[in-house]
Structure formats: C-alpha cells, structure tokens
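>>> need a structure here:
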Amino acid sequence: MRVYPGIIMVFVVGLSNSLPASRAAEKTFGPDPKVYQETVAKAIQYLASVQAQDGSVSARIGIGPTALATLGLLRNGRGAADPQVAKGLKYLEDYVQTDGGIYSPRSRISTYETCIVIVCLQEANKDGKYDKIIRQADKFVRGGQWDESKQKEKSDVGYGGAGYGGKTRSLRRQGERRRVLLYASREQAGPRSPDSQRRPAELWLDDLFRAEKHGLCRTEEG
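Numbering: from 1, shown residues only. Below you'll find the model as predicted:
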C-alpha cells in the first residue's frame, strides 16, 4: 500500500485548522446570555399576569398548569418565599388528598397531576417542608403502577408503566409521556432502597427507547 505524504499533510493541516473553529463554536453555543435573561424575565412577567389571586394558573383545566408555572419560576432564580411562587405552592398544597395524591377532586388524570406536583414541590423543598407530602404522593403513584399486583407480567409491554389515573372512564393514549413522567417524579422524590417497583419503570424505559429507535409506537388503556 502506497502512502502519499502530501495527502497526509493536507489532512493534518486541515484538521489542525478546524480545531480552533470547533472550540470557538463550543464556546458560543446556545442563546446570547442577555437575550436569554430578557426572554426569561418576559416569561415570568407573563406568568404573573395570568396568575389568579388564589395562586392558580389556568385552573379550569386542573392543577397541572399551576405546578408547571411554579416549577418554571423555581428553576429560574425564584425561591419558595417569592410571593408569586408562594401563592402557587399554597394553591397546590390545598389539593393534597387523603390517599396521598395531589390532584383535583374530580380529576381524570390524578396520577399525571400528582407526578407534576411532586417535581415542583421537590424543587421548592430546600428545608424539608414538603418531605411528608412528597413521601405520601410517591406512595400514591407507586400504588397505580402496572406490575404483578395488576396482573401484569414482566413480558407484558405495559409492565412498569402507569395510566393517567382516570377513575370515571378509560382513556386510550400513547403511554410514553405519562410513564416517563412517572419515573421522573420518582427520581425527584429522592433516593430509594432497591424495591420491586423502581426496577419495572427502568425496564419500561429500556423498552421505550428500543421502540423509539425502530420507529415503533403503541397505545394502551390508561
């Protein structure tokens, strides 16, 4: 095999010239910091304008929007003591149910709402104020998981997942979003010792990623 020094030199020079450019690109990746902060400030201002006196946001469709809005504030520099955040948190607390879930009394998506609120409360839980509520909500979510207690075997495509939590009618949806949210809320609820329920969610995520890789999707009873 013949080696052409000229070709090697061109390749090396080209590679060395491209490195500074790629490094410079890495440094400038993402939005301009000033524009980013201005955009966030406008978004926070908007959320303040649509927040009701009781702390809710779009309450007509449930407590989910309030949890998401409050979480957004918490993740962008606002603390739990901030008036806008505090109102949102208080509103969410009012929906803690006797079964541990956090949802509107007639909600058809009780598990879904509870998962979102868990993530929000964990973000605000710097002093342990919400420890008990989060533990109870975590237990509620686990109780709705599809495992052996719900006649689901490990070979079942739905094993490890959960529905929206509807009790009045059956919802048929693609299950990916709700199960990933279920698992995310578990992670936000804090570390847990190994048990028979965390592993099924992990198994389901592995299955989901494989399905997505091959362009597959599925629907199941919620």
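>>> which element follows the helix or strand hosting Q37 toward the C-terminus?
Assigned by DSSP states H and E, Q37 belongs to helix 33-50. Heading C-terminal from helix 33-50, the first helix or strand you meet, by DSSP H and E, is helix 64-74.
>>> can you give me the strands in this protein?
172-174, 219-221 (DSSP state E).
>>> sorry, back to before: quick one: the helix holding Q37 to helix 64-74, angle?
Here the directions of helix 33-50 and helix 64-74 differ by 140 degrees (axes from the mean of the first three to the mean of the last three C-alpha atoms, to 10 degrees).
>>> buried residues, helix 33-50. List them.
Neighbour counts over helix 33-50 (16 or more other C-beta atoms under 10 Å) mark I44, L47 as buried. Where C-beta positions appear, they are placed from N, C-alpha and C, glycine not excepted.
>>> for stretch 53-64, same thing?
Going by 16+ other C-beta under 10 Å, stretch 53-64 has these buried residues: G55, S56, V57, G62, I63, G64.
>>> and those residues, which is closest to S107?
Of all the buried residues of stretch 53-64, the one with the least separation from S107 (C-beta to C-beta) is G62, at 6.1 Å.
>>> state the distance from the closest one to R106.
10 Å (C-beta to C-beta, to the nearest Å).
>>> wait, isn't G160 in contact with D147?
Yes: the pair G160 / D147 is scored as a contact, 7.0 Å apart, by C-beta atoms under 8 Å.
>>> between the two, who's got more neighbours?
Legend: neighbour count by other C-beta atoms under 10 Å for G160 and D147, higher for G160 (26 against 21).
>>> give me the distance between the more buried one and G144.
12 Å.
>>> what's the answer for V57, then?
Counting by C-beta to C-beta, the gap from V57 to G144 is 25 Å.
>>> show me the domain layout of this protein.
Listed by automatic domain parsing, the domain ranges of the chain are 34-94, 96-222.
>>> lowest mean pLDDT across these, which one is that?
Lowest mean pLDDT within those: domain 96-222, a mean of 73.
>>> in this structure, which spans are helices?
For the chain, helices defined by DSSP state H occupy the ranges 5-27, 33-50, 64-74, 83-93, 110-124, 131-143, 176-188, 198-213.
>>> quick one, the fifth one and helix 131-143 angle?
Going back to what we said before, that points to helix 110-124. Using the same axes, to 10 degrees: helix 110-124 against helix 131-143 is 150 degrees.
>>> cool, and the third one?
Helix 64-74 and helix 131-143 are oriented at 130 degrees to each other (the same axes, to 10 degrees).
>>> what's helix 64-74 packed up against?
helix 33-50, helix 83-93, helix 110-124 (3 or more C-beta pairs under 8 Å, 6 or more residues apart in numbering; DSSP states H and E).
>>> for it, which outside residues touch it?
43-44, 47, 51, 55-59, 80, 82, 84-85, 88-89, 91-92, 109, 112-113, 116-117, 119-120, 123-124 (C-beta atoms under 8 Å, 6 or more residues apart in numbering).
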